[in-house]
Every structure is written in structure tokens, then in C-alpha cells.
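> show me how the following folds:
(one chain, ligands or ions: 1)
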Amino acid sequence: MQHYDVIIIGGGAAGLMCAITAGQRGRRVLVVDHANRVGKKILMSGGGRCNFTNTGTTPANYLSANRHFCKSALARYTPWHFIEMVERHRIAYHEKELGQLFCDESSKLIVKMLLDECAAAGVRIETGCSIERVLHGEGTADAPFRVHTTRGVFVAGSLVVASGGLSIPSMGASGFGYELARQFGHEVLPTRAGLVPLTLSGKHQERLADLSGVALPVTATSNGQSFSNFMLVTHRGVSGPAILQISSYWQPGDDLRIDLLPGQDALDTLQGWQHERPAAELKTVLGDTLPKRFAQRLCEHWLPNRPMKQYNLPELRHMAEVLQAWPLVASGTEGYRTAEVTLGGVNTDGLSSTTMQSRHVAGLYFIGEVVDVTGWLGGYNFQWAWASGHAAGEVA
Ligand code: FDA
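Just a heads-up that it's a prediction; the model follows:
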């Protein structure tokens, strides 16, 4: 039986940050991961360049049953703290858009940085180590947690659950953290895939399927939330940043509208076209603004195609409505196989927002994606992982 001060289950973004912070305080820290290497999602993130934070991070960029929960941790470990570490390790980075910071070279450098920091802080990491069971209250008073693994039994005073969500099971994702939460009396809010492509069915899918690969700027709106960015038509539905973002706010049956002329007043635009190009057909004029094949398809199924001069005002009004609030009837999502994150998870009601410690079991912590805090696309999820990992690492 080996003794530690802190055992961390999961060597992803949150677990490694927690390990560094606790290790730097002189705590004896063990990270246990069942995968053959740590930080796999960091490696695959941002197209291999890791969008490691967003300088515009605010609590408004997160979904949670309690919108206030993330505030304390985010305020105490900001993007600038992580940037300081990145710069100290001489990792070159750049801003892509809207405060999103990416490595110039490779996300491997972020994992190497975290592992170097772990080594400097004396953290031990066990990969390829499966957990058989976790017991509480069987050890001594100062080391009540007993973790049975395929590498032996480890005991500790603090247990940090950083095992992530359900997205990308092929990368080691498991529901283990949720099971452990329930074992210790925590409520787990329903989980679902977030930041995920949407699927279409029936007529909608038939009408768009052969346009796969066509991309256009849009504003996607559902349940009072809007995102302006690109939409990409896929074989099975729609994807692209605007769709991934809105997918976290949409559920089957919810209304989903796409503004195909974002930033424009569609009626003004149509009237302008009517005035400037009266003899041209709608599909031709529209095809100069939208991708041609997409404009043509709209005019086959959603809009009447005639020379511009033939439309009266009520018709133009109707067409403007279609262009500004095109109803996209999605049937579902591509699911955890391709989702970037898992929405829902360990209910924050059972956790301290300053330390991430359980309100039910002293010394037990939940951090990162396993908790019901989910960020938008754009580096916000890693920032939550760093911030919540740091918050727990300061006290565990
Ligand atoms: P994470 O999933 O990183 O780590 C959990 C760890 O626990 C894993 O190492 C896993 O093997 C281990 N584990 C699971 N079950 C276990 C068990 N039973 N026993 C032992 N170990 C176990 N975010 C962002 O901000 N910018 C970006 O660019 C991207 N890009 C991106 C791309 C793709 C393809 C995906 C899937 C996701 C992203 N994300 C992202 C989201 C981001 O990767 C995610 O939010 C964080 O990795 C969450 O960090 P955690 O440490 O909580 O979980």
C-alpha cells in the first residue's frame, strides 16, 4: 500500500494542472490514468495546435445549471496566468480570432510543458493504470481514501476526480467520474453531447446532402442564444463553428433558425437588388452573395425563383423572413463520437465554488469537464480545466 497526500484520477488538462499546483505546495501527488498516455485531448485539440485559452474569457461563456459557479475559479486563475506559463516555456503562440490563442507549432508542446512542470513539482504519474474500486473511510483519519488499481493499492487524504466527460470514447473518455460522484452521494445532471455537428433527416437532408463541403457565414439562433460564424454542410447534416456553438443550446424539437444574410437587413438587400438588377433572376443575384449551389437550392425549395422585378412587397417581405430566419429542422446530433464536450455532469450544488471540494465528503474534489460547467468553442473549455484544476490544487 503506497501513501500520497493527493490522488488525482485522470491526467487530462484539469488533472495535470491540479497536480502541478498541489505538487508546488509540497504535497505528494499521484496522477492515475487508464490511458496509455496523459493529455490525449490536448494533443488532438485545435487541429493539433491546441486552442489553449481565450483572452476574452468571462463566466458568460459557460453553460451550467448554476451560471455563477464558475466565477470564483475563473477569477483566480485567468488566461494570463496560463499565458505566463506558456511564455516561460518559450512556446510560440498566436491569436486566431476573438481572443483564441493557439500554439504556432504543436499541442505536443503544451503537454510537454505540463509534464515538465509536474516533474519539477515531484508529481508521480501512472498511465495504463485502471481503477478497480475506490473506498472511503477504511484507512487512517488523515488518509481515508483507498484506491484499488491494476498497479496496486494507493491511499491518500485527498481524492480529485478529473476523469473528464463522455466525448470521444476512443480517446479514453469514460463515465467513471459520474459513477464515482453517485457513489459519494452527488447528483449527476443529465449529460449530452455539446459542440457537436447536427444531423438532418427527411426532406431537409435530401435537399442539402449533395452540397456537402459548402460553407457560408451565418448567424445561428436557438433558445435565445445566437452565434455568428461559418456553417458547413456535411453529408449527414451541418457543422462549422456557428453550428457547433449553437448545438450546446439546442435539443431535439427546439426551434433553430439560420440568418443567411448576417449583419444585413434582408428586405433592404432584396429591394436594393430589385432596383439595381430588375431583369436578373433571384437565384443569380443570390448566388453572387451566397455560394452559388446553395443559392440555387434555396430557390428550388424555399424561395420562388423569378426575375427580381416580378416580386411585389409582400413577396419580398416573405423572402426576407426566409433568408433571415431560415428554419433548419435538425433531427439530432452526431453524438459523443465527435462531440468536443459533454454538457451536464456533477451538479455544482454539491461542490464548493472556491475549492471544488465536495460538500458531502471532506477531501473529495471534482474538476474539469466532469463538472456541470461547459464552455463555448474557442479555448474556454481548457480555461475552465486550468482554473478548476488550480482551485482544487491550492487546497487538496
Ligand atoms: P480530459 O478528457 O482532458 O481528461 C480526462 C482524463 O481522465 C483522460 O486522460 C482520461 O484518459 C482519464 N480517464 C477517464 N476515465 C478514467 C478512468 N476510469 N480511470 C482513469 N483515468 C480515466 N477545448 C479547448 O478549450 N480548446 C480546444 O482547442 C479544444 N479542442 C478540442 C478538440 C477535440 C477533438 C475535443 C474532443 C475536445 C476539445 N476541447 C477543446 C475540449 C477539451 O479537450 C476538454 O474540455 C478538456 O480536455 C477537459 O479536460 P479534463 O481534464 O476535464 O478532461
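> how about the helices in the stretch 51-200 of the chain?
Counting by DSSP state H, counting those that start in this stretch, the stretch 51-200 of the chain has these helices, from start to end: 71-76, 79-88, 108-120, 176-183.
> how about those, which one is nearest S352?
Of all the helices of the stretch 51-200 of the chain, it is helix 71-76 that lies closest to S352, at 8.9 Å by Cβ to Cβ. Placement of C-beta: from N, CA and C, glycine included.
> export the closest one as CSV, just CAs?
The C-alpha coordinates for helix 71-76 follow below in CSV (Å, rounded to 0.1, in the frame of the first residue of the first chain):
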residue,chain,number,x,y,z
LYS,A,71,-16.9,32.8,-11.4
SER,A,72,-14.6,32.3,-8.4
ALA,A,73,-12.2,29.8,-10.1
LEU,A,74,-12.1,31.7,-13.4
ALA,A,75,-11.3,35.0,-11.5
ARG,A,76,-8.4,33.5,-9.5
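> which strands and helices lie in contact with that helix?
Helices and strands touching helix 71-76, by 3 or more Cβ pairs under 8 Å, 6 or more residues apart in numbering; DSSP states H and E, are helix 380-393.
> the helix it packs on to helix 79-88, inter-axis angle?
90 degrees (axes from the mean of the first three to the mean of the last three Cα atoms, to 10 degrees).
> between helix 380-393 and helix 108-120, how many degrees?
Using the same axes, to 10 degrees: helix 380-393 against helix 108-120 is 0 degrees.
> list the helices and strands helix 380-393 packs on?
Helices and strands touching helix 380-393, by 3+ Cβ pairs under 8 Å, 6+ apart, are helix 13-24, strand 51-54, helix 71-76, helix 79-88, strand 374-375.
> can you list contacts of the first one?
For helix 13-24, the external contacting residues (Cβ atoms under 8 Å, 6 or more residues apart in numbering) are 5-6, 8-9, 11, 29, 31, 33, 38-39, 41-42, 114-115, 117-118, 121-123, 125, 158, 160, 162-164, 365, 367-369, 382, 384-386, 388-390, 392-394, 396.
> only whichever of those are buried, select them in ChimeraX.
Filtering those down to the buried ones (16 or more other Cβ atoms under 10 Å) takes a single ChimeraX command:
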select :5,6,8,9,11,29,31,33,38,39,41,42,114,115,117,118,121,123,125,158,160,162,163,164,365,367,368,369,382,384,385,386,388,389,390,392,393,394,396
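> average pLDDT across the helix or strand where M44 lies?
Following DSSP states H and E, one finds M44 within helix 40-44. On average, the pLDDT along helix 40-44 is 96.
> contacts for it?
Contacts to helix 40-44, defined as Cβ under 8 Å, 6+ apart, come from residues 12-13, 50, 107-108, 110-111, 114, 164, 168, 171-172, 382.
> near the ligand, list only the ones from those residues.
Filtering these for proximity to the ligand by Cβ under 6 Å from any ligand atom leaves G12, A13, C50, G164, I168, G172, F382.
> ok, and the closest non-adjacent residue to the third one?
Excluding its sequence neighbours, the residue lying closest to C50 (Cβ to Cβ, 6 or more residues apart in numbering) is S107, at 3.4 Å.
> quick one: contacts for the closest residue to the ligand within the stretch 201-350 of the chain?
Going by Cβ to the nearest ligand atom, the ligand is nearest to E340 of the stretch 201-350 of the chain, at 3.9 Å. Applying Cβ under 8 Å, 6+ apart to E340 gives the contacts S167, G194, L195, V196, L244, L377, N381.
> can I assume P262 is in contact with T219?
Yes: taking Cβ atoms under 8 Å as the definition, P262 is a contact partner of T219 at 4.2 Å.
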